[in-house]
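Enquirer: Fold the stuff below for me.
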Amino acid sequence: MLIVHRSPAGRLCGVFRHAGHYNKGMTIIFYKEGEQRTMQHQVTEHWNEAMWQQAEPIYEEAFPEHGRKTKTIIMRMFERGLCALHVWSEGQTAAAMALTGTDAKENLLVIDYIAVRGSSRGQGAGLACLRDLHEWAGRRGFRGIVIEAEADPSEENAGRIAFWKKAGFTPTAYVHSYIWVPETYRAMYLSLDPEHPVESHDGGEELFQSILRFHEKAYRRPSKS
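Expert: Numbers count the residues shown, from 1 in each chain. Next up, the predicted model:
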């Protein structure tokens, strides 16, 4: 169990007690305007239909159909050991979800999707979940965390990038265009290992390859026997 305490100033301290393929014993305590809030963090690296039922409404609320993976693809990712599902709950209600993967070549955690329920946004839950993922990734030995943020110039996207910066992520200059979605994206990263830091020497193009490698594996169809 990872018990993470956040002071009103946002300081973190944690103790790792147990890790497994399915863990329902992670508790986050965070503060919003002086009020203590608590969320339970569940993680699974195997397909868990009950957890997906909790996460799916948040997932579908946050991401348009053209910008999200289908349930079939996600189930296939679990079958091949490519991802983990995270669900944070307040009481009996799921407040946030994330789907994470890895790039083994660079030893990075890739945040594929992360979202907070609409009714829970603006209350500090998103930052608390990201700090929790920071702790979780560090305990598992990752060099860093990488995400892709929408790069098109808009007030909404600027707000999202500001949120990631507040969580400690650094934006890169390289902008990537996919052929199947209209939006453009750039990588943002958070380095976790001071001895082997994540860096961006080429504007972020090489770092974006970590995201592309993960997507290529995720969308690859099983070979026919």
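Enquirer: For stretch 169-182, C-alpha coordinates in PDB please.
Expert: Provided in PDB are the C-alpha atoms of stretch 169-182 (Å, rounded to 0.1, in the frame of the first residue of the first chain):
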ATOM      1  CA  PHE A 169       6.100  18.500 -16.500                       C
ATOM      2  CA  THR A 170       8.400  20.200 -19.100                       C
ATOM      3  CA  PRO A 171       7.000  20.900 -22.600                       C
ATOM      4  CA  THR A 172       9.000  20.200 -25.700                       C
ATOM      5  CA  ALA A 173       9.000  22.200 -28.900                       C
ATOM      6  CA  TYR A 174       8.500  19.400 -31.500                       C
ATOM      7  CA  VAL A 175       4.900  19.100 -32.700                       C
ATOM      8  CA  HIS A 176       3.700  15.800 -34.100                       C
ATOM      9  CA  SER A 177       0.800  15.300 -36.600                       C
ATOM     10  CA  TYR A 178      -1.000  12.000 -36.700                       C
ATOM     11  CA  ILE A 179      -2.800  10.900 -39.900                       C
ATOM     12  CA  TRP A 180      -5.900   9.700 -38.100                       C
ATOM     13  CA  VAL A 181      -6.800  12.600 -35.800                       C
ATOM     14  CA  PRO A 182      -6.900  16.300 -36.700                       C
END
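Enquirer: Give me the contacts around that stretch.
Expert: Stretch 169-182 is contacted by residues 66-67, 145, 147-149, 151, 161, 164-165, 184-190, 200, 202-205, 207-208, 212 when judged by CB atoms under 8 Å, 6 or more residues apart in numbering. Heads up, the C-betas are built off the backbone N, CA and C, glycines and all.
Enquirer: This protein: strands as residue ranges?
Expert: For the chain, strands defined by DSSP state E occupy the ranges 2-6, 12-16, 22-32, 35-44, 83-90, 93-103, 108-116, 144-150, 170-171, 176-177, 184-191.
Enquirer: Just put these in a markdown table and tack on distance to Glu60.
Expert: Output for those, formatted as a markdown table (distance: least, CB to CB, whole Å):
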| stretch | distance to Glu60 |
| --- | --- |
| strand 2-6 | 28 |
| strand 12-16 | 31 |
| strand 22-32 | 23 |
| strand 35-44 | 19 |
| strand 83-90 | 14 |
| strand 93-103 | 10 |
| strand 108-116 | 9 |
| strand 144-150 | 18 |
| strand 170-171 | 27 |
| strand 176-177 | 25 |
| strand 184-191 | 20 |
